[in-house]
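Asks: need coordinates for the following:
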Amino acid sequence: MSRSDVLNTSGQVVYKYGDVSRETLERLQVYVDLVLKWQPAQNLIAPSTIPDIWTRHVVDSLQTLWTYPEARTWVDIGSGAGFPGVVTAILLADDPEAHVHMIESNQRKAAFLRTALRETGSKGTVHPGRIESVAKDWSLGKVDAVSARALASLETLFQLSEPFTREGAKAVFHKGQDFQREVNEASARWDFDLVEKVSVVDPTSRMLLFSEISARSE
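Replies: So this is what the prediction gives:
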């Protein structure tokens, strides 16, 4: 199969859910190729999801920016293989005002993220370290949004992202079919405004957009 055939096939998957430019699709293809190249050594994604990488990981990650398209400065916490951080950076690659910060404590995965940003020509910064430490010492200016995918419970995500959300950042979190239980549990300790969007990949999952997040007084 030629590269053109690969791009056409990948494009059919992406275009089924939303419109992206051919340049963006080409960058996404470069990124997917890198994930598959590094996968044997890094185990970046679950092996069972490799055949469906475009739907399970790429399209799912495209939804982050689609959920909050106005955001230009992002912090992606627990970035791992770069879903959704690198995908968001690719979508914003041609926007001079945009930047994606990715926090990842695993040094080898942090190295992969730097490679992915460089090879796709996307603007981002990788911060190697624990989320709590990087967030606590943040000195890089205003953040519009925080993202995370398959990282932790909502309760924990609110705690980890609090240094950014208390300064006005919104949060976009991917959640599976048990999302309502997590929302209910988090609401016992946190106040927030919530907008739910049904996932285009899985109708039982949700993209959750949180704003006005604050911890309740004890």
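
Asks: so for the residue lying closest to residue 205 once chain neighbours are set aside, what's the pLDDT?
Replies: Computed as C-beta to C-beta, 6 or more residues apart in numbering, the closest residue to residue 205 that is not its neighbour in sequence is residue 199, at 3.9 Å. Every residue, glycine included, has its C-beta placed from N, CA and C. Note for residue 199: predicted pLDDT of 95.

Asks: contacting residues for residue 199?
Replies: 60, 63, 174, 205-207 (C-beta atoms under 8 Å, 6 or more residues apart in numbering).

Asks: again, only this time at 7 Å
Replies: For residue 199, the contact set (C-beta atoms under 7 Å, 6 or more residues apart in numbering) comprises 63, 205-207.

Asks: also residue 14?
Replies: Per C-beta under 7 Å, 6+ apart, neighbours of residue 14: 20, 25, 54, 59.

Asks: ok, now how distant is the nearest residue in space to residue 106 that is not next to it in sequence from residue 155?
Replies: Spatial nearest neighbour of residue 106, excluding adjacent residues (C-beta to C-beta, 6+ apart): residue 80 at 7.7 Å. Residue 80 is 20 Å from residue 155, where distance means C-beta to C-beta, to the nearest Å.

Asks: which one's more surrounded, these two?
Replies: Neighbour tally, residue 80 and residue 155, criterion other C-beta atoms under 10 Å: the higher count belongs to residue 80, 23 against 15.

Asks: and the more buried one, how far is that from residue 132?
Replies: 17 Å.

Asks: also residue 172?
Replies: For residue 172 relative to residue 132 (C-beta to C-beta), the value is 20 Å.

Asks: neighbour count: the two, which is higher?
Replies: residue 172 (26 against 15).

Asks: in the top helix by length along the chain, which residues are buried?
Replies: Of all the segments of type helix in the chain, defined by DSSP state H, the longest one is helix 22-42. If you call a residue buried by 16 or more other C-beta atoms under 10 Å, then helix 22-42 has these buried ones: 24-29, 31-32, 34-35, 38-39, 42.

Asks: which residues touch stretch 123-132?
Replies: Outside stretch 123-132, the residues touching it (C-beta under 7 Å, 6+ apart) are 77-78, 89, 93, 98-105, 107, 110, 113-114, 117, 134, 160.

Asks: typo on my end, it should be stretch 88-104
Replies: In contact with stretch 88-104 (C-beta under 7 Å, 6+ apart) are residues 24, 27-28, 31, 62, 64-65, 72-80, 85, 110, 113, 117, 120-129, 131, 134, 147.

Asks: mind redoing it with 6 Å?
Replies: 27-28, 64-65, 72-77, 79, 85, 110, 113, 120-127, 131, 134 (C-beta atoms under 6 Å, 6 or more residues apart in numbering).

Asks: now, which of those lie within strands?
Replies: If you go by DSSP state E, the contacts of stretch 88-104 have 73-77, 124-127 in strands.

Asks: would TSV of the residues you listed with pLDDT, neighbour count and distance to residue 139 be doable?
Replies: What follows is the ones in strands among the contacts of stretch 88-104, written out as TSV (pLDDT from 0 to 100; neighbours: other C-beta atoms under 10 Å; distance: C-beta to C-beta, whole Å):
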residue	pLDDT	neighbour count	distance to residue 139
73	98	18	14
74	98	27	17
75	98	29	13
76	98	32	18
77	97	26	17
124	97	26	17
125	97	15	13
126	98	24	16
127	97	23	12
